[in-house]
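# give me coordinates for this.
(one chain, ligands or ions: 1)
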Amino acid sequence: MSYKRVYIFIFSFISFMFFSSAVQAEEEIYEKRLALFKKTEALTQIPWYYFAAIDNYERNIKKNDDNEQVISITIPPELWFGLGNSSMMMEEQTISFFNGKGKDGNGDQKADPSDPEDILYTIGNIILEHGQTKDDIKIALWNFYKRDLTVQTIINTSKVFKEFQEINLTDRDFPVSIQHNYSYRNTWGDRRGFGGLRIHEGTDIFAGYGAPIKSTTYGVIEMMGWNLYGGWRIGIRDIYNIYHYYGHMNGYNDDIEVGQVVKPGDVLGSVGSSGYGPPGTSGKFPPHLHYGMYKDNGYSEWSFDPYPYLRKWEKIARNKD
Ligand SMILES: [Zn+2]
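The predicted model follows:
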């Protein structure tokens, strides 16, 4: 073996070890979280997947992914400690004297807003003020966040976690069957003529009529129906606060309906050329899937370029073949 080869060997060995330990650390943090959610369910009788969904929502509206927290839920200090508890005393009795919500979830006699068990137990108690039914939880979430899209996203994510009994859901798929002919290029941000000046908020994947269209991610079908520009379209809200928009479809799969949980690879319908007119208008342009992605940061939603993700998912789909 030449020196060069030895170096390459050592380098690949080290990067392999680094990669596998990163994957292991990632799996460990998911296991740790799931255990914490289930412990809080035992204490509050609120199903674990609601805690998991709240935590997941808050993790995905935060900007820096650098030091990943075990639990990402933030409870504002004035809500935790109570107004007037300005020295932030952590004793439960003091906190409740000042009408704070902070609770001790791990039995160390302190309600610590940086302790994962205390955070989850406190959120559980904030929900329990409203009750334990699905509707009570929804109302509690609305009172806490005061935003419809946030509540909707958390409820959707809780449905996904409940269905798969798992929070480590990382699989993905390409939105058009790779067994069919298709082509696409990066056209995000291009100017569009129809309907005044709009920019192109997505990637067009050209394929023949009837090529299957699939869910790329884990999520819930949030919207279906006709739209002037999009024709027959579907919107899926995933578990990362991202909305996936599918336009110009030929039709929907029979078993697809609003509120349904989907996973990567689930067939939603097929490629068509619907849109640019009243319901049923078709054939005004070559058949393709318009695929758009919109991120919600907890305040507003904006379109971003799906092209790099499509490239990644295409590779994943090829490896499944
Ligand atoms: Zn398009």
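# from here on, contacts and neighbour counts on C-alpha atoms
Noted.
# tell me the helix or strand right after the lengthiest helix in the chain.
Looking across the chain with DSSP state H, the single longest helix is helix 3-44. The helix or strand immediately downstream of helix 3-44 is helix 48-61, counting by DSSP states H and E.
# which strands or helices does the next helix-or-strand element following that next one pack on?
Sequence-wise, the next helix or strand downstream of helix 48-61 (DSSP H and E) is helix 77-81. Counting by 3 or more Cα pairs under 8 Å, 6 or more residues apart in numbering; DSSP states H and E, the packing neighbours recorded for helix 77-81 are helix 92-97.
# in the helix it packs on, what's buried?
Of all the residues in helix 92-97, those buried under the rule 16 or more other Cα atoms under 10 Å are Glu92, Gln93, Ile95, Ser96.
# can you pull the pLDDT of the last one?
Read it as Ser96. On pLDDT, Ser96 comes in at 94.
# on that earlier part again, distance from the chain centre to the longest helix of the chain, please.
Going by Cα atoms, centre = their mean, to the nearest Å, the spacing between the C-alpha centre of helix 3-44 and its chain's C-alpha centre is 21 Å.
# what inclination does it have with respect to helix 48-61?
Between the axis of helix 3-44 and that of helix 48-61 there is an angle of 130 degrees, by axes from the mean of the first three to the mean of the last three Cα atoms, to 10 degrees.
# average pLDDT across helix 3-44?
In this model, helix 3-44 has a mean pLDDT of 82.
# also stretch 223-235?
Per-residue confidence for stretch 223-235 averages out to 95 on the pLDDT scale.
# for the ion, what's the nearest residue on the stretch 1-150 of the chain?
Ranked by Cα to the ion, the top residue of the stretch 1-150 of the chain for proximity to the ion is Leu149, at 24.8 Å.
# kindly report the same for the chain.
Scanning the chain for proximity to the ion using Cα to the ion identifies His290 as nearest, at 4.1 Å.
# that residue and His244, how far apart?
According to Cα to Cα, to the nearest Å, His290 stands 10 Å off from His244.
# same check, this time on Ser21
Here the criterion is Cα to Cα. By it, Ser21 lies 32 Å from His244.
# which one of the two is surrounded by more residues?
Neighbour count, other Cα atoms under 10 Å: between Ser21 and His244, His244 has more, with 24 against 12.
# now the phi/psi pair for that one, please.
phi -110, psi 120 (degrees, to the nearest 10).
# give me the beta-bridge partners of it?
Beta-bridge partners for His244, by DSSP bridges, are Ile236, Met293.
# check contacts around it.
For His244, the contacting residues are Gly235, Ile236, Arg237, Asp238, Tyr291, Gly292, Met293, Tyr294, taking Cα atoms under 8 Å, 6 or more residues apart in numbering as the criterion.
# so how many other residues sit close to the closest residue to the fourth one other than its chain neighbours?
With Cα to Cα, 6 or more residues apart in numbering as the measure, Gly219 is the residue that lies nearest to Asp238, at 3.9 Å, once sequence neighbours are left out. As a burial measure, Gly219 scores 30 neighbours (other Cα under 10 Å).
# my guess is Gly219 meets Val261, correct?
Yes - using Cα atoms under 8 Å as the test, Gly219 is close enough to Val261 to be in contact (5.8 Å).
# name the residues contacting each of these two.
Joint contacts of Gly219 and Val261 (Cα under 8 Å, 6+ apart) are Val160.
# so where do the helices sit in the stretch 101-250 of the chain?
If DSSP state H, counting those that start in this stretch is used as the criterion, the helices of the stretch 101-250 of the chain fall at 116-128, 134-145, 148-164.
# give me the helices and strands touching the shortest one, please.
Based on contacts counted as 3+ Cα pairs under 8 Å, 6+ apart, the elements that helix 134-145 packs against are helix 116-128, helix 148-164.
# can I get that helix as CSV, trimmed to CA atoms?
Listed next in CSV are the C-alpha coordinates belonging to helix 134-145 (Å, rounded to 0.1, in the frame of the first residue of the first chain):
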residue,chain,number,x,y,z
LYS,A,134,-59.0,16.4,22.2
ASP,A,135,-61.0,19.6,22.1
ASP,A,136,-59.7,20.8,25.5
ILE,A,137,-56.2,20.3,24.3
LYS,A,138,-56.9,22.3,21.1
ILE,A,139,-58.4,25.1,23.2
ALA,A,140,-55.4,25.0,25.6
LEU,A,141,-53.0,25.2,22.6
TRP,A,142,-54.9,28.2,21.1
ASN,A,143,-54.7,30.0,24.5
PHE,A,144,-51.0,29.3,24.7
TYR,A,145,-50.0,30.3,21.1
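# could you give the angle of it to helix 148-164?
130 degrees.
# residues of stretch 115-124 that come out buried?
Buried residues in stretch 115-124, counting neighbours by 16+ other Cα under 10 Å, are found at Pro116, Glu117, Asp118, Ile119, Leu120, Tyr121, Thr122, Ile123, Gly124.
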